[in-house]
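K.L.:
sequence and computational prediction follow.
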Amino acid sequence: MNLLSSLPTAWEALFLVFCRVGTMMLVAPIFGSRGTSPQVRVFLGVTVAFVMYPVVAPPGTVLPSEPGAYLGRVAREVLIGALVGFVVLMTFTALESAGHVIGLQMGFSLANVINPLTSTSASLIDQFYSLVATLVFFTMDGHHLVLLGVERTFQLVPIDAAGSNLPAQDLVFGLGRDIFVTASRISLPVLTALLLTDVALAMVARSVPQLNVFVVGMPAKIAVGFVMLVITVPTVAYIMARAFSDIVATMAPLVRAMGPA
């Protein structure tokens with residue numbers, strides 16, 4: 001009888017776990033990309049929720065019995081899952097921003113394609129950095145880090161914790177600052193080489209006015225850009241790996257701020 005009476009509470013707790021995990025998989029670029037069908041995403045969310053449930057919702061978890069209070073818990077779990085996926089998404093956005101700036105300076109912004117990770121228009125350099133980021137992400141088991149980060153959020157804000165808050169503005173602005181710093185570290189070497197190429201072309205244009213710099217400059221900048229992309233790939237991969245390894249540390253203060261006061 002006790003087992004039967006605890007079944008509704010168990011399903012309610014499992015649904016709360018699924019709301020957090022499933023929302024993360026919908027927002028995060030790797031798990032929630034358009035290349036993954038909705039059925040697969042739902043199946044992964046349910047599977048991960050079942051695996052995490054015994055750990056994050058042990059016996060004795062007390063949930064509100066009022067429908068309004070329970071719906072408030074559901075909304076909080078959705079917000080926390082969206083926040084975790086947003087942190088992963090912004091990490092990939094920093095890498096794509098670096099590729100966008102480089103592609104703009106190389107003249108590749110005219111040929112845009114659809115990025116399968118974010119389903120947005122992106123240049124060829126954006127696509128290159130997205131593929132490198134995806135390769136680095138899976139090579140260093142980034143998907144495991146994200147799932148461990150989700151499990152850590154249940155320690156910071158358990159499903160039976162009462163109350164919720166929104167992250168402070170300085171935490172959100174700090175995340176934007178870190179994204180800008182990461183994008184600058186990736187793009188600055190290539191942008192510096194392209195700037196020096198522009199200076200050299202300007203000097204050539206002043207010394208040889210008969211030479212059409214616009215015709216010569218575009219292939220020269222593309223060549224310099226590709227050479228710098230090849231040279232900086234190991235450094236970019238290292239920066240990407242550091243950014244992915246800091247995902248859990250980045251999301252922790254944001255999720256902790258959403259807990260009860």
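P.N.:
Yep, it's here.
K.L.:
what sits against the residue nearest to V190 when sequence neighbours are not counted?
P.N.:
Closest residue in space to V190, ignoring its immediate chain neighbours: M228 at 4.4 Å, by CB to CB, 6 or more residues apart in numbering. In short, each C-beta sits where N, CA and C put it, glycine included. By CB atoms under 8 Å, 6 or more residues apart in numbering, the contact set of M228 is 189-190, 193-194.
K.L.:
tell me the most packed of those, by neighbour count.
P.N.:
Scoring the contacts of M228 on neighbours with other CB atoms under 10 Å, the highest-scoring entry is V190 at 26 neighbours.
K.L.:
hang on, that residue packs against L229?
P.N.:
Yes. Using CB atoms under 8 Å, V190 is in contact with L229, at 6.5 Å.
K.L.:
any residues in contact with both of the two?
P.N.:
Common contact partners of V190 and L229 (CB under 8 Å, 6+ apart): I102.
K.L.:
what's around Y129, how many residues?
P.N.:
Neighbours around Y129, by other CB under 10 Å: 29.
K.L.:
that older thread, dump the contacts of M228 to JSON lines, plus pLDDT and secondary structure.
P.N.:
Shown next, in JSON lines, are these (pLDDT from 0 to 100; DSSP: H, G, I helix; E, B strand; the rest coil):
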{"residue": "P189", "pLDDT": "89", "secondary structure": "helix"}
{"residue": "V190", "pLDDT": "89", "secondary structure": "helix"}
{"residue": "A193", "pLDDT": "89", "secondary structure": "helix"}
{"residue": "L194", "pLDDT": "88", "secondary structure": "helix"}
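K.L.:
from the residues you listed, which is closest to I102?
P.N.:
The shortest approach to I102 among the contacts of M228 belongs to V190, at 5.0 Å (CB to CB).
K.L.:
for F226, see how far away that closest one is.
P.N.:
Taking CB to CB, to the nearest Å as the measure, V190 falls 10 Å from F226.
K.L.:
cool, and L191?
P.N.:
14 Å.
K.L.:
and the strand or helix carrying F50, which residues are buried?
P.N.:
If you go by DSSP states H and E, F50 is part of helix 38-56. Neighbour-count burial for helix 38-56 flags 41, 45, 48-49, 52-53, 56 (criterion: 16 or more other CB atoms under 10 Å).
K.L.:
over to stretch 175-182?
P.N.:
Within stretch 175-182, the residues that qualify as buried by neighbour count (16+ other CB under 10 Å) are 175, 178-179, 182.
K.L.:
so what touches stretch 38-48?
P.N.:
With CB under 8 Å, 6+ apart as the criterion, stretch 38-48 contacts 18, 21-22, 25-26, 31-32, 147, 150.
K.L.:
average pLDDT for stretch 211-230?
P.N.:
Mean pLDDT, stretch 211-230: 81.
K.L.:
kindly export that stretch (C-alpha atoms) in CSV.
P.N.:
Taking Å, rounded to 0.1, in the frame of the first residue of the first chain, the C-alpha atoms of stretch 211-230 are listed here in CSV:
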residue,chain,number,x,y,z
LEU,A,211,48.3,48.3,-59.9
ASN,A,212,44.7,47.4,-59.2
VAL,A,213,44.9,46.7,-55.5
PHE,A,214,41.2,45.5,-55.2
VAL,A,215,41.9,42.7,-57.8
VAL,A,216,45.2,41.7,-56.1
GLY,A,217,44.1,42.3,-52.5
MET,A,218,41.2,39.9,-52.3
PRO,A,219,43.1,36.8,-53.2
ALA,A,220,46.0,37.9,-51.1
LYS,A,221,43.8,38.3,-48.0
ILE,A,222,42.1,35.0,-48.6
ALA,A,223,45.5,33.3,-48.9
VAL,A,224,46.8,34.9,-45.7
GLY,A,225,43.6,34.1,-43.9
PHE,A,226,43.8,30.4,-44.8
VAL,A,227,47.4,30.2,-43.8
MET,A,228,46.7,31.8,-40.4
LEU,A,229,43.7,29.5,-39.9
VAL,A,230,45.9,26.4,-40.5
